[in-house]
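**Q** I would like to see how this sequence folds:
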Amino acid sequence: MPKIRVLDKQVAELIAAGEVVERPSAVIKELVENSVDAGATVITVEIRRGGVTYMRVTDNGCGIAPEDVPTAFLRHATSKVAGQEDLNAIGTLGFRGEALASISAVAHVELFTRAEGEAVGVRYACGGEEEPELTEAGCPGGTTLVVRDLFFNTPARMKFLKKDVTEGNSVAGILDKLAMSHPEISIRFIRDGKEQLHSPGDSKLSSAVYAVCGREFSSTLIPVDYRLGHVKVRGFISAPAGCRPNRSMQNFFINGRFIRSRTAMAALEEAYKGSIMAGKFPACVLHLEVACEAVDVNVHPAKLEVRFVNERPIFDAVYHAARSALNAGDRPKEMELKKQPVSPYAPVPEKKEQLTFSTAKSFNQPLFLHDSGAEEPKVPELPKAIKRVFETAPMPVFRTRQIDIEPGENSAAKPEPGQSLSPQDSPLPPPEREEPPEEKPKPIVSEFSSRIIGEAFGTYIIVEYGPDKLMLIDKHAAHERLLYERLKADRGGCEAQALLEPVAVSLDMDEYSAVLAHEKELSEAGFQVSDFGAGTVLVRSAPLLLEGGDAAAAVMEIAGYLASFKTELATEHMDWVYHNVACRAAIKAGDHTSRQELISLAAELERNPQVRYCPHGRPVYILLSRREIEKQFGRV
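**A** Model prediction:
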C-alpha cells in the first residue's frame, strides 16, 4: 500500500487556511486590506466576543460584480496580479488571492456587495462544506462581509485562541495601524456594541495619530519630513522626554503598509543615542515611501516583514530624518527662553523660593563652609527691602545648617542664632526659620560625620573608610535601593497621596487591559487608577514618595512592563513596580544635597550592609584602597 497520497480537498483547504487565518485579527486584517484596495474611504468594523463569534466589515469601495463573486472565493483568485512581472512591483496590500477562500474554509461567511453602476446587489453565503448560495439583495454600494463561528469545524484551533479581551485587543491593534497607515480613510471600530475608534479620515496623519493614541501621546511628538535620495520619510517621532519602556509604540509603514523592520528600528534608536537613558525606547509613526520595485513584500505569510533591495538607504534615511527632527525640536525652547528672559527681580511665590534654594545644582562656593578654612562673617541682618532682592534673585545658592559635627576650630565659625551671612561674601539668604539653640539637629552617626570628605560632581559622596580605604557612594543608587527596601518592607501599606486633579493617561490596548486587570495590586503600591474608557485610565492617587508630576509617567512605564508579561502579576512583577517608584523618588545625580543629608544617607547605608547594588544592578558604592591611590602617584 503506497504511503504517499494526495490529501482530500477539504483537508488541504483547512491546512492552507491555517497559514492565513490564525486568529480573528488575521481575518480582520485580510478583509480591511481588501477594502483599502477597493478604494474605500469609510470602513466600519464590528466584532463580538473578540471576533470569535461575529465579525463584520463594511466599506464603500468599488464593490464586486455579480459574475465575479463566486470566483472571488476560489483559492488564488485575485484582481491585483495578472502575471509574474506584477510581483516585482506590488502596489496593493493584498495580492495572493487566498483570503476569502481561507476564511470560508473555517467559518460561516456571508457577503453583500453592489458594484458601481449596478442597480441591485447580491448576497453570497458559504462556509465549510456547505453549498454556496448566490441571490439578489438590496444593499448600499460597496461590500459587507459577515464572518460567524470562526473555527467551528476545527475545534483544535479553538483551543489555541486567547481570552476574548486579548483577541479583541489584537483586532484593535490591526485597526489602529490601518488608521495611521491610511489617514485618508475613516476607520470606525465597534467592539461588543461600544465604539472604540473613529478616525476622521481627513488625510491628516496628525488627526489619525490623535484618534488612535490620544492627546497625551500626540503632545510629545515631533514632526518629521525628510528625503534622502529615493527614500522619503514623513510622520512623527517622540520627544526624548516622551520615550517609553518598550517598543510597542514604534510604527513603521512602507508605501502604506505596516511592517516590522529591524533596519528602520535600529536606525531610529541609533538617532536617539545620547538623548535618552538606557532601557527607554523612542516612539514613532513613520511613513517610508520607496519605489515598489525596491522592496519585496512577498516574504512573510502575514506580509508583516519585507525585504529591501538595499537596506543602507533605508537606514540612512530614517537615521537622518530622526536626527534632524530632534535637532529642530530643541530649537523652539531655546528661542523661547531668549525672547522672554527671567528677570532676577521678578516676584517669586514663597513655595518657589524654597524649591530654588533646595535644588540649586551649580555653585562656585565650597560645598561645606566649615571645610573651606574661613570663618563665616557675623554681620547685622539686612534691611527687608535689600533682603527681598536676594530672596527672589534666581542665583545659585545652598542652605545653611547648624550641625555639630565635631568640636574644634571649625565649630567656632558657626553664626550665632539671629545672625546671617553677608551677600557680599556669600550668596546665602538669611534662614527664614531660626531654630532655638536647644533644638539644634545632632549628627545621626558621629563616626560618619568625621569621615565624610565631601561630594564630587553632585553625584558621589566621598568617604574616608577605615584607615586605608576611600569609598565613593553613588547617592542616587544608594537612595534608590534604600527606598526600594522600605517599600518592600511596607508591601501592601504604601503611603499614598490623592492628586489635586486626576491625571488621564492614554495607553495602547494591551497596556490598558493590563492596568485594569491589576488595579488592586497597583493600589497596594499607592496608585489608585480607574477606567476612563477608550484606552485611557485616570490616576487619582500616587505614592507619597513621588512628586505629582511623576505619577502619569510612572503609570505609563508600569503599564508597559505589565503588558509585556501577559500574565497575572507575580511577586517579582510587583517588586518591579517598587523599583520604578523608588527610582523616580530618589535623589537625582546632580541634585544639590546638604551635608546633613549626605551624612544621613551614608549612615543609613552603614546600617544596611546588604545594600550593595541598586535595583537595576548598578553598584551603590566602590572602594579604592590607599595602595591603589598611592600607586597612581608613584609612592609605591
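**Q** Could you point out the longest strand of this structure?
**A** Secondary structure of the chain per DSSP state E: the longest strand is strand 496-506.
**Q** how about it: buried residues?
**A** Residues of strand 496-506 classed as buried: Ala496, Leu499, Pro502, Val503, Val505, Ser506 (neighbour count, 16 or more other CB atoms under 10 Å). Glycine gets a C-beta too; all of them are placed from N, C-alpha and C.
**Q** Nearest to Ala514 among those?
**A** For the buried residues of strand 496-506, the residue nearest Ala514 by CB to CB is Val505; the value is 12.6 Å.
**Q** From what I see, the closest one and Glu557 are in contact.
**A** No. Val505 is beyond contact range of Glu557, at 10.4 Å (criterion: CB atoms under 8 Å).
**Q** follow-up on the earlier one: and the least confident of the buried residues of strand 496-506?
**A** Of all these, Ala496 has the smallest pLDDT value, namely 77.
**Q** Just grab the bridge partners of that residue for me.
**A** Pro543 (DSSP bridges).
**Q** low-confidence ranges in the stretch 151-300 of the chain?
**A** The model of the stretch 151-300 of the chain has pLDDT under 70 over residues 274-275, 277-278, 300.
**Q** any idea how far Ser248 is from Met509?
**A** Using CB to CB, to the nearest Å, Met509 is found at 10 Å from Ser248.
**Q** For the closest residue to Asp202 other than its chain neighbours, the count of nearby residues, please.
**A** Of all residues not flanking Asp202 in the chain, Pro183 sits nearest, at 7.2 Å (CB to CB, 6 or more residues apart in numbering). Pro183 has 22 neighbouring residues, counting by other CB atoms under 10 Å.
**Q** Equivalent analysis for Val581, please.
**A** By other CB under 10 Å, the residues close to Val581 number 26.
**Q** give the contact list for it.
**A** Going by CB atoms under 8 Å, 6 or more residues apart in numbering, Val581 touches Leu483, Leu487, Cys494, Ala525, Gly526, Pro543, Leu545, Leu546, Ala554.
**Q** Which ones among those residues map onto strands?
**A** Under the assignment DSSP E, the contacts of Val581 contribute Pro543 to strands.
**Q** show me the contacts for the residue nearest to Asp202.
**A** Pro183 is in contact with Ser199, Gly201, Asp202, Ser203, Lys204, Leu205, Ser207, Ala208, counting by CB under 8 Å, 6+ apart.
**Q** is it fair to say His76 lies in a helix?
**A** No. Under DSSP: H, G, I helix; E, B strand; the rest coil, His76 falls outside any helix and is assigned coil.
**Q** Just give the number of residues close to the residue nearest to it when sequence neighbours are not counted.
**A** Once flanking residues are discounted, His76 sits nearest to Gly97: 4.6 Å by CB to CB, 6+ apart. Look at Gly97: counted by other CB under 10 Å, it has 17 neighbours.
**Q** Likewise for Leu7?
**A** The local packing of Leu7 (other CB under 10 Å) involves 10 other residues.
**Q** tell me the pLDDT at it?
**A** With respect to pLDDT, Leu7 has a value of 71.
**Q** Any figure for the gap between it and Glu22?
**A** As judged by CB to CB, Leu7 and Glu22 stand 20 Å apart.
**Q** Which of the contacts of Pro183 are buried, as a PyMOL select command?
**A** Filtering the contacts of Pro183 down to the buried ones (16+ other CB under 10 Å) takes a single PyMOL command:
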select buried, resi 199+201+205+207+208
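**Q** How is this structure divided into domains?
**A** Structural domains annotated on the chain: 9-198, 220-339, 342-442, 445-636, as defined by automatic domain parsing.
**Q** Same list, these, but as a markdown table with distance to Val212 please.
**A** Listed next are the domains of the chain as a markdown table, based on distance: least, CB to CB, whole Å:
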| stretch | distance to Val212 |
| --- | --- |
| domain 9-198 | 5 |
| domain 220-339 | 9 |
| domain 342-442 | 37 |
| domain 445-636 | 9 |
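**Q** worst average pLDDT in those domains?
**A** Looking at those, the lowest mean pLDDT belongs to domain 342-442 (a mean of 40).
**Q** can you map out the strands along the stretch 151-300 of the chain?
**A** Using DSSP state E, counting those that start in this stretch, the strands assigned to the stretch 151-300 of the chain run over residues 186-191, 194-198, 221-228, 231-238, 250-254, 257-259, 284-289, 295-296.
**Q** Can you give the contact residues for the first one?
**A** Think strand 186-191. Applying CB under 8 Å, 6+ apart, the external contacts of strand 186-191 come out as 41-47, 168, 171-172, 175, 178-179, 195-201.
**Q** same thing but 6 Å
**A** 42-47, 168, 175, 178-179, 196-199, 201 (CB atoms under 6 Å, 6 or more residues apart in numbering).
**Q** Find the helix or strand that Ala478 is a member of.
**A** In the assignment (DSSP states H and E), Ala478 maps to helix 475-489.
**Q** Now that helix: buried residues?
**A** For helix 475-489, the neighbour count (16+ other CB under 10 Å) marks Lys475, His476, Ala477, Ala478, His479, Glu480, Arg481, Leu482, Leu483, Tyr484, Glu485, Leu487 as buried.
**Q** same question, stretch 177-186
**A** By neighbour count with 16+ other CB under 10 Å, stretch 177-186 contains the buried residues Lys177, Leu178, Ala179, Met180, Ser181, His182, Pro183, Ile185, Ser186.
**Q** returning to that earlier point: so which of the strands of the stretch 151-300 of the chain comes closest to Ile453?
**A** Using CB to CB, the strands of the stretch 151-300 of the chain put strand 231-238 closest to Ile453, at 41.8 Å.
**Q** Can you list the helices and strands that the helix holding Ala478 packs against?
**A** On a contact count with 3 or more CB pairs under 6 Å, 6 or more residues apart in numbering; DSSP states H and E, helix 475-489 meets helix 571-585, helix 595-607.
**Q** okay, the buried residues of strand 496-506 in CSV with distance to Arg618 next?
**A** Output for the buried residues of strand 496-506, formatted as CSV (distance: CB to CB, whole Å):
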residue, distance to Arg618
Ala496, 28
Leu499, 31
Pro502, 34
Val503, 30
Val505, 28
Ser506, 31
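**Q** out of those residues, who's nearest Val27?
**A** Ser506 (27.5 Å).
**Q** pretty sure the closest one contacts Phe217?
**A** Yes. Counting by CB atoms under 6 Å, Ser506 does reach Phe217; the two are 5.5 Å apart.
**Q** For the most centrally placed residue in the chain, name its beta-bridge partners.
**A** Centroid check for the chain by CA atoms, centre = their mean gives Arg244 as the closest residue, at 2.3 Å. Beta-bridge pairing for Arg244 (DSSP bridges): Phe281.
**Q** ok now do it, which residues does it touch?
**A** Contacts of Arg244 (CB under 6 Å, 6+ apart): Phe281, Ala283, Gly560.
**Q** cutoff 10 Å now
**A** If you count contacts by CB atoms under 10 Å, 6 or more residues apart in numbering, Arg244 has them with 217, 220, 238, 250, 276, 280-283, 508, 511, 553, 556-557, 559-560.
**Q** where do the strands sit along the stretch 1-150 of the chain?
**A** Under DSSP E, counting those that start in this stretch, the stretch 1-150 of the chain gives strands at 42-48, 54-59, 108-114, 121-126, 133-137, 142-148.
**Q** Contact partners for the residue nearest to Arg215 when sequence neighbours are not counted?
**A** Counting by CB to CB, 6+ apart, Arg215 lies nearest to Ser506, which is 7.0 Å off, once chain neighbours are set aside. Ser506 makes contacts with 212-219, 512, 532, 534-537, 552, 556, as judged by CB under 10 Å, 6+ apart.
**Q** How much space separates Ser506 from His320?
**A** For Ser506, the distance to His320 - CB to CB - is 30 Å.
**Q** same deal with Ile28?
**A** Ile28 is 36 Å from His320, where distance means CB to CB.
**Q** okay, those two: which has more neighbours?
**A** Neighbour count, other CB under 10 Å: between Ile28 and His320, Ile28 has more, with 24 against 17.
**Q** Who are the contact partners of that one?
**A** By CB under 10 Å, 6+ apart, the contact list for Ile28 reads 45, 47, 51, 55-57, 147, 170-172, 174-175, 178, 189.
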